[in-house]
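Q: From the sequence below, what's the structure:
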Amino acid sequence: MGIVKPAPVNSPALNRRTLLNRFGLGLGGIALNELLAKESGAEVDRGVLSGTHHFAKAKRIIYLFMSGGPSHLDLFDYKPLLNKRHGEQLPDSVRGGQRLTGMSGNQSSIPMVGSPFKFTQHGQAGAWFSELLPHTASIADELCVARSMFTESINHGPGVTFFQTGSQIAGRPSMGAWLSYGLGAENANLPSFVVLITKGKGGQPLGAHLWGSGFLPTKHQGVLFRAAKDPVLYLGNPEGVDDTSRRLMLDRLKELHEHQLAGTPDVEISNRIDHYEMAYRMQSSIPEATDFADEPQHVLDSYGPDVKTPGTFAANCLLARRMAERGVRFIQLYHQDWDHHGGLPGALPKLCKETDQASAALVKDLKQRGLLDDTLVVWGGEFGRTNYCQGKISANFGRDHHPRCFSAWMAGGGIKAGSVYGETDEFGYNVASNGLHIHDFHATLMHLLGIDHERLTYKFQGRRYRLTDVHGHVVKGVLG
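A: You can find the predicted model right below:
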């Protein structure tokens, strides 16, 4: 448990909610959330499980998704052999006939390329980190770095969808929706599942199916926050409509929906009622949660110079922490543009500069507030990058998609801190030990939240579905 430091005397941070969240291990903040829910007349949705299958080490997840496929070979997985054999052909014995994408599969030459970035070891496990990640390296003893992730997806659309929904085909419920369905919410005045996307980024597009509810009730889908004056669309009252008028309108609309529900028992009608009521409560809860005015300057500084610019990764990381301490169950961040088929030596440092400091600050901030113990933070993309060059070797080379092995890290929430799980071969091309498949990854995250992944199911079109489908095993090697 981290030591909670009080805000400076001259700080505006000590309002009622902040004070209660910071002291007494956050129990005051939890109690306040319950009181506010009662004041609004709302009941907290406890989920279909009405509890957990076993003791939960984590209560919530903050998922930092680096869309595009960050290069594990240039960030976490140090392979000096590639520098030694730079320019040589990838041996057929290493590739083993595995498929390549259409972007490099027809190359007459597939020369290996070493990383142009320096690596050093950090933390008690001696984990390797690239010079591009100095802030992440500083929290090495909080992290479990998984070097042996692997997937079947070789292209972005199926790859991102697989990580978010457990299926390569769009239409299944997202991970956040499953957790909302199973565990419900901790705060009746905020969504249980929030989505934050870094503004102004290019790369592969992100579709709403990634945070959708699929065949689960729609109230479990993620709520997308925008980098705008009104973070949630259509939340505010139209011009000329005050709170009293809106409340009267919602009461009458609810009566009509309840009349419809009596004649047509459809869960989506009751979901619609829930959506309208949540929107009404969010009119007061969202402005408070998204206002950084009560944050001490030293906290703002820790996230980096972009933290006060809405929609930046730094601002989204700080907002994620604020959502976590207010009881949001699943906070999904997306940061795009990691797809470096060319120009990697110039583009990768820029992406790391945008994300490294804020990612580490989030973990430190959670720990300082006593929230890291029950908040699971995840960082990673949909696959890795090849150890060979796409096209001809040049000073500004690129790497193709690589699903056979890649890296991710986890922190807090019951993870084995200061550890490295799994290894790749000396070429960084195949998993050498302790492979960690996406289904196993999902099963493990759910286990940390107190859920048996085989028992949280939903019957749809004649059979029962789950996030891990018919696969998945809890990976005990990453558990603390």
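Q: in the stretch 201-350 of the chain, which spans are strands?
A: 223-225, 330-335 (DSSP state E, counting those that start in this stretch).
Q: my bad, should have said the stretch 51-200 of the chain
A: According to DSSP E, counting those that start in this stretch, the strands that the stretch 51-200 of the chain contains are 60-66, 119-122, 127-130, 143-150, 193-197.
Q: again with the stretch 351-480 of the chain
A: 375-380, 384-389, 399-402, 406-411, 419-421, 423-424, 431-433, 436-437, 458-460, 463-465.
Q: which one of those lies closest to Leu333?
A: strand 375-380 (9.5 Å; Cβ to Cβ). Yep, even glycine has a C-beta here, placed from its N, CA and C like the rest.
Q: what about the closest one, distance to the chain center?
A: Here strand 375-380 is found 6 Å from its chain centre; the criterion is Cα atoms, centre = their mean, to the nearest Å.
Q: Next: stretch 245-253.
A: On Cα atoms, centre = their mean, the centre of stretch 245-253 falls 36 Å from that of its chain.
Q: And it, what's buried?
A: Of the residues in stretch 245-253, Arg246 count as buried by neighbour count, 16 or more other Cβ atoms under 10 Å.
Q: May I have that stretch exported as PDB, CA atoms only?
A: What follows is stretch 245-253, C-alpha atoms only, in PDB (Å, rounded to 0.1, in the frame of the first residue of the first chain):
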ATOM      1  CA  SER A 245     -38.300  20.500 -17.200                       C
ATOM      2  CA  ARG A 246     -36.000  17.700 -18.200                       C
ATOM      3  CA  ARG A 247     -36.800  15.700 -15.000                       C
ATOM      4  CA  LEU A 248     -40.600  16.100 -15.800                       C
ATOM      5  CA  MET A 249     -40.000  15.000 -19.400                       C
ATOM      6  CA  LEU A 250     -38.000  11.900 -18.300                       C
ATOM      7  CA  ASP A 251     -40.600  10.900 -15.700                       C
ATOM      8  CA  ARG A 252     -43.400  11.000 -18.400                       C
ATOM      9  CA  LEU A 253     -41.100   9.200 -20.900                       C
END
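Q: mind giving me the domain ranges of the protein?
A: 8-43, 45-230+292-478, 232-289 (automatic domain parsing).
Q: Kindly compare burial across these and name the winner.
A: By mean neighbour count, with neighbours taken as mean count of other Cβ atoms under 10 Å, domain 45-230+292-478 ranks first of the domains of the chain at a mean of 20.
Q: Nearest residue to the middle of the protein?
A: Nearest to the geometric centre of the chain sits Tyr63, at 1.4 Å (Cα atoms, centre = their mean).
Q: which residues does it form a beta bridge with?
A: Gln332, Val378 (DSSP bridges).
Q: is it true that it touches Ile331?
A: Yes. If you go by Cβ atoms under 8 Å, Tyr63 and Ile331 touch, sitting 7.1 Å apart.
Q: mind listing what the residue nearest to the centre of the chain touches?
A: Met175, Phe330, Ile331, Gln332, Leu333, Val377, Val378 (Cβ atoms under 8 Å, 6 or more residues apart in numbering).
Q: what do you get for Trp128?
A: Phe76, Asp77, Tyr78, Phe119, Thr120, Gln121, His122.
Q: same question, Leu319
A: Leu319 touches Leu196, Phe225, Ala289, Thr290, counting by Cβ under 8 Å, 6+ apart.
Q: Swap in 10 Å and give it another go.
A: Val194, Leu196, Phe225, Pro231, Ala289, Thr290, Phe292, Val307, Pro310, Gly311, Ile331, Leu333 (Cβ atoms under 10 Å, 6 or more residues apart in numbering).
Q: So which of the strands of the stretch 201-350 of the chain is nearest Asp365?
A: strand 330-335 (13.4 Å).
Q: Looking at the contacts of Leu319, which is nearest Leu133?
A: Nearest to Leu133 out of the contacts of Leu319 is Leu333 (Cβ to Cβ; 17.0 Å).
Q: The closest one and Ala208, how far apart?
A: Counting by Cβ to Cβ, to the nearest Å, the gap from Leu333 to Ala208 is 16 Å.
Q: what's the answer for Arg247, then?
A: 29 Å.
Q: before we move on, what about Ala324?
A: Ala324 is 23 Å from Ala208, by Cβ to Cβ.
Q: With His453 instead?
A: His453 is 24 Å from Ala208, by Cβ to Cβ.
Q: do Ala146 as well
A: For Ala146 relative to Ala208 (Cβ to Cβ), the value is 28 Å.
Q: what do you get for Trp128?
A: From Trp128 to Ala208 the distance is 37 Å (Cβ to Cβ).
Q: can you check Lys199 too?
A: With Cβ to Cβ as the criterion, Lys199 and Ala208 are 17 Å apart.
Q: ok, of the domains of the chain, where does mean pLDDT dip lowest?
A: With a mean of 47, domain 8-43 has the lowest mean pLDDT of the domains of the chain.
Q: Contact partners for the nearest residue to Gly184 once chain neighbours are set aside?
A: Leaving out its chain neighbours, the residue that sits closest to Gly184 by Cβ to Cβ, 6 or more residues apart in numbering is Gly47, at 3.1 Å. If you count contacts by Cβ under 10 Å, 6+ apart, Gly47 has them with Leu179, Ser180, Tyr181, Gly182, Leu183, Gly184, Ala185, Ser192, His220, Arg329, Ile451, Leu456.
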